[in-house]
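S.K.: Build the 3D model from these lines:
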Amino acid sequence: MINPKVALFDFDGVVVDTEPIYDEYWNQASVRYETGIENFAKVIKGTTLPAIIENHFADRSDDFKQLVIQESMEYERRMPLPPMPGSIEFLHLLKENGVRMGLVTSSDDVKVNRAFNELSLHGMFDSVVTADRINKGKPDPSCYLLAAKDFAVDPQDCIVFEDSFAGIQAGTDAGMRVIGLSTTNPKETLEDKVYQVIPDFSKVSFDDYMNWCKD
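M.R.: So this is what the prediction gives:
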C-alpha cells in the first residue's frame, strides 16, 4: 500500500488567487519607486519582502526602504484573498484522508494569520513556514527543507504545490516532487520543470494525489 507523502503548499497563486492582484500593485509601485524595471512584479515573484529590498533597493536610503516596507505591509493587510478554484476543498479532502500538510510561503505571519481567519484555515496545516521563519527566500530551498524538518521526514517524502519559477526551483532543489499550477505561468513553461502541471485544484481527486505519491 502506498503511504501518502506530506503535502506542502505555497500560498499566493496556489491556495489563493492573489498573483494578479500583486502584479498590479508591484508594477504600479515600481513606477512610483522609479526602479526602471519592466514588469517588476514578474522579476520579484515568489521572493520575500526583505529579498526585494536587498536585491532592488539596497542603494536607497533607510527612510525609503522603510517606506517600501510600510506601503507593502499596509496593502497586504487590506488586499482581497480569493481562494484558488478547488483549493479549499482539496485541502479538506487531504485532511479527511489523513494527509499531513504544511504551508510554505514568502508572506509574513500577519498576512497568513489574516488569511487563516478569513478562509477558516486554522488547524488545517501541521506546519507553517512563513518569511518570518527563514533567512533566505525562494528560490533558496531552505524554506522547504525547514518544512520537512518540522515533519521529521526526508525531502523525497514531500510533494510541493507551486506556481512560480522561484518556488518550483526551491522545491526541486530541496529534493521534493513538485506539482506545478499554471495559475501564474503558462503550462508549456512549467512542463519541463515539474512532475505534472495542473490548472488548479477544481478537478483533482484523492486518487490523483496518491498517484503522485508513487515512487
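S.K.: drop to CA atoms for contacts and neighbour counts, all remaining ones
M.R.: Will do.
S.K.: so where do the strands sit in the protein?
M.R.: For the chain, the strands defined by DSSP state E occupy 6-9, 101-104, 127-129, 158-162, 177-181, 196-198.
S.K.: Residue 110: which of the ones you listed is closest?
M.R.: Nearest to residue 110, of all the strands of the chain, is strand 127-129, at 12.6 Å by Cα to Cα.
S.K.: what are the pairing partners of that closest one, and which direction each?
M.R.: Looking at strand 127-129 with DSSP bridges, its partner strands are strand 101-104 (parallel).
S.K.: one step back: most neighbours per residue, which of the strands of the chain?
M.R.: Highest mean neighbour count of the strands of the chain: strand 158-162, a mean of 28 (counted as mean count of other Cα atoms under 10 Å).
S.K.: which residues make contact with that strand from outside it?
M.R.: Residues from elsewhere that reach strand 158-162, judged by Cα atoms under 8 Å, 6 or more residues apart in numbering: 5-10, 13-14, 148, 168, 171, 176-181, 212-213.
S.K.: Check stretch 41-48 too.
M.R.: Contact with stretch 41-48 is made by 22-24, 26-27, 52, 106-107, 131, 137-139, 164-167, as judged by Cα under 8 Å, 6+ apart.
S.K.: Show me the one in these that has more neighbours than the rest.
M.R.: residue 167 (29 neighbours; other Cα atoms under 10 Å).
S.K.: any idea where the helices of the chain begin and end?
M.R.: Listed in chain order, the helices of the chain (DSSP state H) span 19-32, 40-44, 49-56, 62-78, 87-96, 109-119, 142-151, 165-173, 187-190, 206-212.
S.K.: which one of the ones you listed lies closest to residue 200?
M.R.: Between the helices of the chain, helix 87-96 lies closest to residue 200; by Cα to Cα that is 7.5 Å.
S.K.: so how far is the closest one off the chain centroid?
M.R.: Relative to its chain's centre, helix 87-96 lies at 17 Å (Cα atoms, centre = their mean, to the nearest Å).
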